[in-house]
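1. Have a look; sequence and predicted model below, questions after that.
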2 protein chains.
Amino acid sequence: MAKIIDVAKRAGVSIATVSRVTNRQGNVKKSTEQKVLEAIKELNYIPNFPARYLKTKRTLTIGMVVPDITNPFFPIVFRGAESVVKQEDYTIILCNTFEDEYEEMRYLSILEAKKVDGILLIKAPPRSGNEQYMQKLNNLPVPIVYVDRLPKLQDIPAVVADNIGGGYAATTHLIKLGHRNIAIITVQYPLSVHRERLQGYVKALREHNIPINRFYIKQGASTIEEGTSLGHSLINMKDRPTAIFVTNYKMTIGLMRALEMAGLQCPEDISIVGYDDFEWENVFHPRLTVVAQPARQMGQTAAQLLIKILRDGVDSLPNKRVILSSELKIRESCGIYRQNKLGKP
Amino acid sequence: MAKIIDVAKRAGVSIATVSRVTNRQGNVKKSTEQKVLEAIKELNYIPNFPARYLKTKRTLTIGMVVPDITNPFFPIVFRGAESVVKQEDYTIILCNTFEDEYEEMRYLSILEAKKVDGILLIKAPPRSGNEQYMQKLNNLPVPIVYVDRLPKLQDIPAVVADNIGGGYAATTHLIKLGHRNIAIITVQYPLSVHRERLQGYVKALREHNIPINRFYIKQGASTIEEGTSLGHSLINMKDRPTAIFVTNYKMTIGLMRALEMAGLQCPEDISIVGYDDFEWENVFHPRLTVVAQPARQMGQTAAQLLIKILRDGVDSLPNKRVILSSELKIRESCGIYRQNKLGKP
DNA sequence: ATGATAAAGGAAATCGATTACATAAAATGG
DNA sequence: CCATTTTATGTAATCGATTTCCTTTATCAT
């Protein structure tokens, strides 16, 4: 591998001049620049980034920590972020924490050691007994932008979706269709995301003076099986809900399975609103009405925020928290509530 | 950020000793080791990786180049690879090429500049007029393991799925069910992957003396829409196939849509074998019989190969090419061919 | 032509580690 | 007890760039 000294020799100049050319900081005669450029091309020279870092303190690398890259939501966020940072020649180290905060801690200290310029963090659910970790996180010497999942700390740069709004829109939609017995299947993680979707659900019911039935609120692990089993338990209630709002794609798949097993038609027998809108969800019968999250936009926005911070400092941000709105996509899985057909069995 | 000199001062030793402790190369008295360890803890010292690289020539970072991380196949490969390399404290820079060979070239030279220790490469389809690029690739100073998609070059480390076997198994399955009019929908990329699946299809037909009908071979872009449109064109043929083998998940979704639009029942009216087996594919009606690729295993194996190369050199590999077998998962989308119901209209 | 100013380019310090080499201290053995 | 080996530690070179601080050369107004 050619080094800067090789280029310098070949071009008959000093390494300082070569450096000036590669970093285009001017004060180099056109003719010498030409010589240097030729030498660079001939030797196939590329500056050594780690070496360069020592002086510049920049690696042009950022870290992105995600809970589970096989959850199709996160690759979309990743791609959004990548498409932005690549413009500035950044590259992304992707770390998969498996929803485990200890893994996250491990990765974060590796990223710190590797001197990434910044971090996009989609947090794993906090472990109880690990509260002081947030303090440490907050004092990390590398800028962090939180994405999607918001820790309780105030005043930290974060880009999230409007989950309250999402839950509210979904529930309101069902209410407007005449439903009153509306259940929710959601995740029990200690995460803002799911708490807020539930909040939106509650808010919508309250606004329409619909009493909240706590047996209609089902929480569990974010898996297909859990979706099926919680679905079953709702279906088998004596006052079976006429509509279900599922706040998560895996549980949605599970729920649809439960409906099928129970021989229930959607939307004829029961209405469903799902969460997340992936391309392949087109395969559902019927096509699902869902709350679509601005996944790509979240990645993009978070990346833009981070780049702004890297350029001008955290305090340059007009507002540290960005909330992107989710969109209700109305398709075919919700029907109008009809007293005779449904309701009390 | 604490540096090695700070630790040395605090512990009252030289930086050499600190380095010996952090790299646990022995020859340090227990008592001084203790002092150093304490100083490290107190100052929260982590060695600076880029600086360390200068001497060690290792970044403990590898690059992974994928065509499209939002294709659910690749996150699984990624996770497989990550789970292996993390054991050795490697971290992965993930690069998304968008199936564009020029993007790939760009990323590869960045990875080279960043001095990654090795690269896992899932190639973008080669561009015509860009043939000399493979030569350059082959001479890259950093070891590459090719994953999934195999370039024509011989004798390079690669981990691929048995695509011929996959195509063969799928087609044979249909033949055994009595089908003779078997179509294939595949991708027209200049990629080994798709060529080979087609090869497997042809091989199976030949072995059973079934003439190959070139109108049954449909090739197109890897999109849902294309799956639908190629599906339509097959459905509308005067001698409509009684079974279709789709070599790609997106086109499978599209094809299922086409069946639905045409009012065809699967497997009653037509049998389908798909490719890839994702968790969410459970939502299909009926559940699809598919060729499942060993996605995770590919990632793991590729990572193991790369690590072996990094440790012992390329020549230490017993065999450079690893072919992992794909598995036919028989579910509900294939029926027995019945003369009276199907066949010639 | 001359002094002042700007442009061009080089020498050497520097970034934060690792490591070869040197040396001091401790252990070993006859 | 002294020579020899082993163990423990320090000094300084080194990795490959960037950058500060000079020096030299070119440009320009007078």
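-> Sure, I can see it.
2. Show me the contact partners of stretch A:201-208.
-> Here stretch A:201-208 makes contact (CB atoms under 8 Å, 6 or more residues apart in numbering or on different chains) with A:164, A:167-168, A:170-172, A:175, A:182, A:184, A:211-212, A:245. Where C-beta positions appear, they are placed from N, C-alpha and C, glycine not excepted.
3. where does A:Met261 land on pLDDT?
-> You'll see A:Met261 listed with a pLDDT of 92.
4. What lies in contact with whichever strand or helix holds it?
-> Applying DSSP states H and E as the criterion places A:Met261 in helix A:249-262. Residues from elsewhere that reach helix A:249-262 (CB under 8 Å, 6+ apart): A:71-73, A:185-187, A:220, A:222-232, A:235, A:244, A:246, A:265-266, A:269-270, A:272, A:274-276, A:278, A:281, A:284, A:288, A:290, B:279-280, B:282-283.
5. do that again at 7 Å, thanks
-> Applying CB atoms under 7 Å, 6 or more residues apart in numbering or on different chains, the set of residues contacting helix A:249-262 from outside is A:185, A:222-228, A:231-232, A:235, A:244, A:246, A:266, A:270, A:272, A:274-276, A:278, A:284, B:280, B:282-283.
6. Equivalent analysis for stretch A:51-70, please.
-> Contacts of stretch A:51-70 (CB under 7 Å, 6+ apart): A:49, A:74-75, A:78, A:81, A:85, A:89-99, A:104, A:107-108, A:111, A:115-122, A:124, A:306, B:50-51, B:54, B:75-76, B:78-79, B:114.
7. after the strand or helix carrying A:Glu196 comes which helix or strand?
-> Secondary structure from DSSP H and E places A:Glu196 in helix A:192-207. Downstream of helix A:192-207, the next assigned helix or strand under DSSP H and E is strand A:217-220.
8. Return the distance of A:Leu306 relative to A:His232.
-> Using CB to CB, to the nearest Å, A:Leu306 is found at 44 Å from A:His232.
9. Looking at those two, which one has more neighbours?
-> A:Leu306 (26 against 16; other CB atoms under 10 Å in any protein chain shown).
10. got the domain boundaries for chain A?
-> Split into domains by automatic domain parsing, chain A comes to A:4-47, A:57-161+A:295-325, A:163-293.
11. Centre of the chain to the last one, how far?
-> The gap between where domain A:163-293 is centred and where its chain is centred comes out at 21 Å by CA atoms, centre = their mean, to the nearest Å.
12. cool, and the longest one?
-> Averaged C-alpha coordinates place domain A:57-161+A:295-325 at 9 Å from its chain's average position (CA atoms, centre = their mean).
13. same thing with the shortest one?
-> Its chain's average C-alpha position is 43 Å from that of domain A:4-47, according to CA atoms, centre = their mean.
14. how about it, does it get close to DNA strand D?
-> Yes. Domain A:4-47 reaches DNA strand D (CB under 7 Å from any atom of the strand) through A:4-5, A:15-16, A:18-20, A:22-23, A:25, A:47.
15. Up against DNA strand D, what does chain A have?
-> A:1, A:3-5, A:15-16, A:18-20, A:22-23, A:25, A:47-48, A:51-52, A:54-56.
16. Kindly export the longest helix belonging to chain A (C-alpha atoms) in CSV.
-> Of all segments of type helix in chain A, defined using DSSP state H, the longest is helix A:295-312. What follows is helix A:295-312, C-alpha atoms only, in CSV (Å, rounded to 0.1, in the frame of the first residue of the first chain):
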residue,chain,number,x,y,z
ALA,A,295,-39.3,4.8,9.3
ARG,A,296,-37.1,6.1,6.5
GLN,A,297,-37.7,9.6,7.4
MET,A,298,-36.8,8.9,11.0
GLY,A,299,-33.4,7.6,9.9
GLN,A,300,-32.9,10.5,7.6
THR,A,301,-33.8,13.1,10.2
ALA,A,302,-31.8,11.5,12.9
ALA,A,303,-28.8,11.5,10.6
GLN,A,304,-29.3,15.1,9.6
LEU,A,305,-29.5,16.0,13.3
LEU,A,306,-26.3,14.2,14.1
ILE,A,307,-24.5,15.7,11.2
LYS,A,308,-25.6,19.2,12.3
ILE,A,309,-24.4,18.4,15.8
LEU,A,310,-21.0,17.2,14.5
ARG,A,311,-20.7,20.4,12.5
ASP,A,312,-22.0,23.1,14.8
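17. could you say what helices and strands it packs with?
-> Packed against helix A:295-312 by the contact rule (3 or more CB pairs under 7 Å, 6 or more residues apart in numbering or on different chains; DSSP states H and E) you find helix A:73-85, strand A:118-121, strand A:144-147, strand A:158-161, strand A:321-324.
18. Take the ones you listed and lay them out in TSV including mean neighbour count and distance to DNA strand C.
-> What follows is the helices and strands packed on helix A:295-312, written out as TSV (neighbours: other CB atoms under 10 Å in any protein chain shown; distance: least, CB to the nearest atom of the strand, whole Å):
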stretch	mean neighbour count	distance to DNA strand C
helix A:73-85	23	24
strand A:118-121	26	18
strand A:144-147	26	21
strand A:158-161	24	30
strand A:321-324	17	33
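19. mind giving me TSV with these and columns for distance to chain B?
-> Formatted as TSV, those follow (distance: least, CB to the nearest CB, whole Å):
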stretch	distance to chain B
helix A:73-85	4
strand A:118-121	12
strand A:144-147	16
strand A:158-161	18
strand A:321-324	19
